[in-house]
Structure formats: structure tokens, C-alpha cells
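sequence first, then the predicted structure:
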Amino acid sequence: MKPLPDMPSRFVRVTAREAGWIQFEFSIGDPGLCVELTMRPAQYEAFRRKQRAFELPDIPAAQRDHERRHWHDSVPGERPHD
């Protein structure tokens, strides 16, 4: 395997495993800023290895939602009204 250039750390956090699919978050540099992806287990393992991503422990859904709301609320701009 060809070494990756010096890059920020990469992270994955599995959020669900169901019916032959793995849902997970992938981030570069900051685990709090991520994209959500869904892959078959073999694809996930290959992706994780290729990215050399650290696997983070799962956190409770309520905590994950709180962190996302906090991040969203910190972004300047228009916010929807409750």
C-alpha cells in the first residue's frame, strides 16, 4: 500500500449496523465535523483501512444530536424560527 501524504487524522464512528449495512460518520481533522455514509460491511472495512481512519467509540444518540445542534447554532447566518 502506498503511504498517504501527511494529512490530518481521519476518524470513523459507526452509528448503526442493520440488514447488511453499516451507517457511520467520517471526519478529517475534527471528529465533530463529519459526513454520514452508509456502506456494506466489506466496503466499510476497505474504506476504513484505505483512509487509515481511527475508529471512535459510539456515543449515545442524544449526545450526538446535542453536539450537532451546538455546531449548527454556532454557524452565523439565518436560523429557522421555532
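All right, it came through fine.

measure Ile28 to Gln51 for me?
Noted for Ile28: a distance of 9 Å to Gln51, by C-beta to C-beta, to the nearest Å. In short, each C-beta sits where N, CA and C put it, glycine included.

same deal with Leu37?
Remark: distance between Leu37 and Gln51 (C-beta to C-beta) = 11 Å.

and for those two, which residues touch both?
Common neighbours of Leu37 and Gln51 (criterion: C-beta atoms under 8 Å, 6 or more residues apart in numbering): Phe26.

need the overlap of contacts for Ile28 and Gln51.
Taking C-beta under 8 Å, 6+ apart as the contact rule, Ile28 and Gln51 both touch Arg10.

count of residues packed around Pro76?
Residues near Pro76, counting by other C-beta atoms under 10 Å, number 5.

pull the residues that contact stretch 31-47.
Taking C-beta under 8 Å, 6+ apart as the rule, stretch 31-47 contacts 11-13, 15, 17, 20-27, 53, 56, 67, 71.

swap the cut-off to 7 Å and go again
Phe11, Gly20, Trp21, Ile22, Gln23, Phe24, Glu25, Phe26, Ser27, Leu56, Glu67, Trp71 (C-beta atoms under 7 Å, 6 or more residues apart in numbering).

identify the farthest-apart pair in these.
Pairwise distances among the contacts of stretch 31-47 were taken by C-beta to C-beta; the largest, 30.8 Å, belongs to Gly20 and Trp71.
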